[in-house]
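*Asks:* Provide a 3D model corresponding to the input given below.
(2 chains)
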2 protein chains.
Amino acid sequence: MTGHPTDHPNDHAPTHPTDHAPTRPTDHAPTHPAAPTPTHPTGTDLHLDLPPHGSRRTALAQALREAVRGGRLAAGTRLPPYRSLAADLGVARGTVADAYAELVAEGWFTARQGSGTRVAEGMPVRPARPAPGPSAAPRAHRFDLTQGKPDPASFPRGAWSASARRALAGAPAEAFGPGDPRGRPELRRALAEYLARARGVRTDAEHIVVCAGFANGLRLLAGLRPRDWAVEAYGLPFHHGILAAAGVRPHAVPIDEDGARTDALPARARTALLTPAHQFPTGGPLLPGRRTAAVEWARATGGVILEDDYDGEFRYDRKPVGALQGLAPDQVVYAGSLSKSLSPALRLGWLVLPDALAAQVVAAKGLRESWTSAVDQLTFADFLDSGAYDRHVRRMRQRYRARRDHLATAVARRAPGVRVTGIAAGLHAVLELPPGTEAVTLAAARKAGLLLDGLSEYRHPSAAEDSREGLVVGYAGLGDRGFGEAVEVLAATLSTLHRGL
Amino acid sequence: MTGHPTDHPNDHAPTHPTDHAPTRPTDHAPTHPAAPTPTHPTGTDLHLDLPPHGSRRTALAQALREAVRGGRLAAGTRLPPYRSLAADLGVARGTVADAYAELVAEGWFTARQGSGTRVAEGMPVRPARPAPGPSAAPRAHRFDLTQGKPDPASFPRGAWSASARRALAGAPAEAFGPGDPRGRPELRRALAEYLARARGVRTDAEHIVVCAGFANGLRLLAGLRPRDWAVEAYGLPFHHGILAAAGVRPHAVPIDEDGARTDALPARARTALLTPAHQFPTGGPLLPGRRTAAVEWARATGGVILEDDYDGEFRYDRKPVGALQGLAPDQVVYAGSLSKSLSPALRLGWLVLPDALAAQVVAAKGLRESWTSAVDQLTFADFLDSGAYDRHVRRMRQRYRARRDHLATAVARRAPGVRVTGIAAGLHAVLELPPGTEAVTLAAARKAGLLLDGLSEYRHPSAAEDSREGLVVGYAGLGDRGFGEAVEVLAATLSTLHRGL
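*Replies:* The predicted structure follows:
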């Protein structure tokens, strides 16, 4: 930091009209004589490169801030007088006065009568700052076979864009004001119709509350329901974590071939989190007797079932399994989202609620919508109404079915002892493994470049007596080519370890 | 419920091939004799109107569900045999078998060998359900002058739509997968550039975390920071409520003509929530000495300032007041959102964070983005990069300035004793009232059809010694015509009550 002027000519009384600035920097005291070299008073190391267009004042203020930030104008440095810098830069003197005033108002500069404008003390000079904390470095893997993700490359960009254009053009002005916490009426109406048609849900727009995905709905309900919840012995650890953070006391319900043992739902629980269409992650539907038992439990205890219909649209071989909610709309909260069917990046989900809970959830959301974008809601309403959603789901169902067949065939051929289950629906399969082999299989798969989870990672901590082992393989998230290669690697790994089973 | 067959012919062994359904309903036992009238066994009151197009099975299953729901098929009712209903409806027998199987799987029907398929017990028949809870009935008013809302009719639909189209077309495929909790890199980069240019914020993309508006950011920070917070004596009750819900112990800092008394920030507080650009709602900027004092407090105590820059873009008469964050990026969290500048319906905001806090906030958000739509993020990034945001803000600044002038002029003419303050910036003004007159003025205004708030409603509960009174008038939310009428009504009301002041 050399070459800065510490003694230099001054402008005299400012000619710029007084404005509303809280503080106008005092220009240098008029008693100082003019300096001999007025044209370059700032030296050459104060490079104030102003862009050719736009407000001169804004550009100059920005350049001065940068000069302080970059350490080129040190604390205490006296700024050149208005006139000099104005001449230097080819701008009006008032422009310089304004820029100085702006930086004084912001605390960068100080202005004292008799001492001119100076760079304020205590502004730490900082180099470019490093990235905060650990960056989200990807785990070392070639293929991500973890479950829960649709193929991002299949997002229907054109159709979504067209829906967005129509929705934006046709929306009432109030749609761009503060949002109703229940969600946009256009979407709730379209959802009520779709869910009745496609999932057998019994509802109307008034009982639907839009939310930012299933997790958001789960958090809302965890804050409203009594503390004791029943959960399936296997489920998503992320959801278990949300319940734990909300102070929920979980009671794990065993799983068998017919789905969750809803005939054994604990009497003390008042809420049961279930995945009736496709038990997550083991993959079977909740069979009729179990459905009836769940509803009977809810009626007898005054409890509520939270039906997580996370992938109800994707059913391949067998007839669609309708929503449990249709049997007992007063006992079941139906929850769905776009995270599997379209994209988890949209953060759009919905709850279908019994009367009393609908009012409670709306109240818990507050006076205004805090999370969910009205533009996305309106776009999705158009996407539903135009039939684009049905078309997309149908297309993806075919694609995922082919993926599933590919996976099942490859495993059957290369590792015939490994049973592939839970494949009648959904975006993932479970590869059942003999006791004691999950860890070694996972290790081998990861070594081969596959990112995937073991079945035991989905077991609820309070269901320790259940000890099934396996791999949970998501077959939707990769592109077609990557998926083919990943299946090759997986089948080869299984073949080596489990050929003899 | 009369006329239903309880005794009728049976189909014999099902000809439909066995599929993967967990339970196939037993058709009626083949030992029953055929009935004499096989063509209309269901009577005329079971109206199963199938739509002309689409899957027959789906349509039939849906019609059957509706018949149970509507009470037309009572519990225990025996369903007609496949063949009869198939003939009745003109569909294949296998279609009826499939539809029955679907409803058995869902629990609507039961199937027992020898007793045929029947409507299950315990399915309550319900009429159309009433709307839940109290509906969001609008308060009785003609004009909404509450603050905090931009004009929803001015949302730039075309420009946003164009940005959405470009953003969707240009995004990488991974943008439609699970979201990074920090937000889209495209948006963080565009924001870093914009905030440096327009608000004097010192940052880079790595220190920005996207959130669903200021409230979302406040909740995140309230969960991370120590319990003692300093708040301004006047602020948004909604924010006070968020802090209270998070267990924060608030310490109100007095407000005077120079802004918050940051020279009196309590030493025990470790976080200070401030509105430096435009104190909310009283309207002044935090003056330079106070800015320095706030930064000094933060450095001395190891504390953090949360800078709520809620309307920093809207400054009319005076030069822009840059962000406090630019003075001390390690001590200040800068928070902004689209709620005032574009629309609260987008639910899009951002935090600019010091290193350590950035890592904490990202960790608190979790492994994936839970709230904010990636499509909106990408769209806003394009909206920024294309200059559309600058153009929109400039246009709205002109429009709101005209509104403000209109309001100030009308009040000065009709009620010259009422001082209009806080109008150098923002989307609202404060009309100062003599002690003891706020309640009666509010009552008169509301009686005249105006919805607006008293200044005292914004006073923090722990700042009871401050007793200023006034009206907080939002001048952005109404359309131009409505605003003109509302100002007429307001000025007339004030004239009647406060003419003599």
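*Asks:* name whatever forms a beta bridge with the residue nearest to A:Asp453 when sequence neighbours are not counted.
*Replies:* Spatially, and ignoring its direct neighbours in sequence, A:Asp453 is nearest to A:Val472 (4.9 Å; CB to CB, 6 or more residues apart in numbering or on different chains). From N, CA and C alone the C-beta is placed, and that goes for glycine too. Counting by DSSP bridges, A:Val472 is bridged to A:Val430, A:Asp453.
*Asks:* A:Val472 touches A:Arg459, doesn't it?
*Replies:* No. A:Val472 is not in contact with A:Arg459 according to CB atoms under 8 Å; the separation is 11.3 Å.
*Asks:* OK, contacts around the residue lying closest to A:Val332 once chain neighbours are set aside?
*Replies:* Among residues not flanking A:Val332 along the chain, A:Gln325 sits closest, at 4.1 Å (CB to CB, 6+ apart). Under the criterion of CB atoms under 8 Å, 6 or more residues apart in numbering or on different chains, the neighbours of A:Gln325 are A:200-203, A:307, A:332-334, A:352.
*Asks:* sorry, back to before: residues contacting the residue nearest to A:Asp453?
*Replies:* Residues near A:Val472 by CB under 8 Å, 6+ apart: A:146-147, A:281, A:428-430, A:452-455, A:457-458.
*Asks:* just to revisit the earlier point, do you know the pLDDT at the residue nearest to A:Val332?
*Replies:* Model confidence at A:Gln325, given as pLDDT, is 97.
*Asks:* in three-state terms, label it for me.
*Replies:* Under DSSP: H, G, I helix; E, B strand; the rest coil, the three-state class of A:Gln325 is helix.
*Asks:* if I look at it, how far off is A:Val362?
*Replies:* Taking CB to CB, to the nearest Å as the measure, A:Gln325 falls 18 Å from A:Val362.
*Asks:* what's the helix or strand harbouring A:Ala196 packed up against?
*Replies:* Secondary structure assignment for A:Ala196, by DSSP states H and E: helix A:185-199. Judged by 3 or more CB pairs under 8 Å, 6 or more residues apart in numbering or on different chains; DSSP states H and E, helix A:185-199 is in contact with strand A:208-211, strand A:332-337, strand A:349-352, helix A:374-385.
*Asks:* which residues of the stretch 301-450 of chain A score low on pLDDT?
*Replies:* Along the stretch 301-450 of chain A, the model assigns pLDDT under 70 to residues A:318.
*Asks:* what helix or strand is the residue in it positioned nearest to chain B on?
*Replies:* Going by CB to the nearest CB, chain B is nearest to A:Ala359 of the stretch 301-450 of chain A, at 2.6 Å. Using DSSP H and E, A:Ala359 sits within helix A:355-365.
*Asks:* export that helix as CSV, just CAs?
*Replies:* C-alpha atoms of helix A:355-365 as CSV (Å, rounded to 0.1, in the frame of the first residue of the first chain):
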residue,chain,number,x,y,z
ASP,A,355,-62.1,-32.9,8.8
ALA,A,356,-60.6,-32.2,12.3
LEU,A,357,-57.1,-32.8,11.2
ALA,A,358,-57.4,-30.7,8.1
ALA,A,359,-58.3,-27.7,10.2
GLN,A,360,-55.4,-28.4,12.6
VAL,A,361,-52.9,-28.8,9.8
VAL,A,362,-54.0,-25.6,8.2
ALA,A,363,-53.7,-23.8,11.5
ALA,A,364,-50.3,-25.2,12.1
LYS,A,365,-49.1,-24.0,8.7
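*Asks:* buried ones in that helix?
*Replies:* A:355, A:357-362, A:365 (16 or more other CB atoms under 10 Å in any protein chain shown).
*Asks:* look up how far A:Val333 lies from A:Gln360.
*Replies:* In this structure, A:Gln360 and A:Val333 are 11 Å apart, going by CB to CB.
*Asks:* what helix or strand is A:Leu218 on?
*Replies:* Using DSSP H and E, A:Leu218 maps to helix A:214-222.
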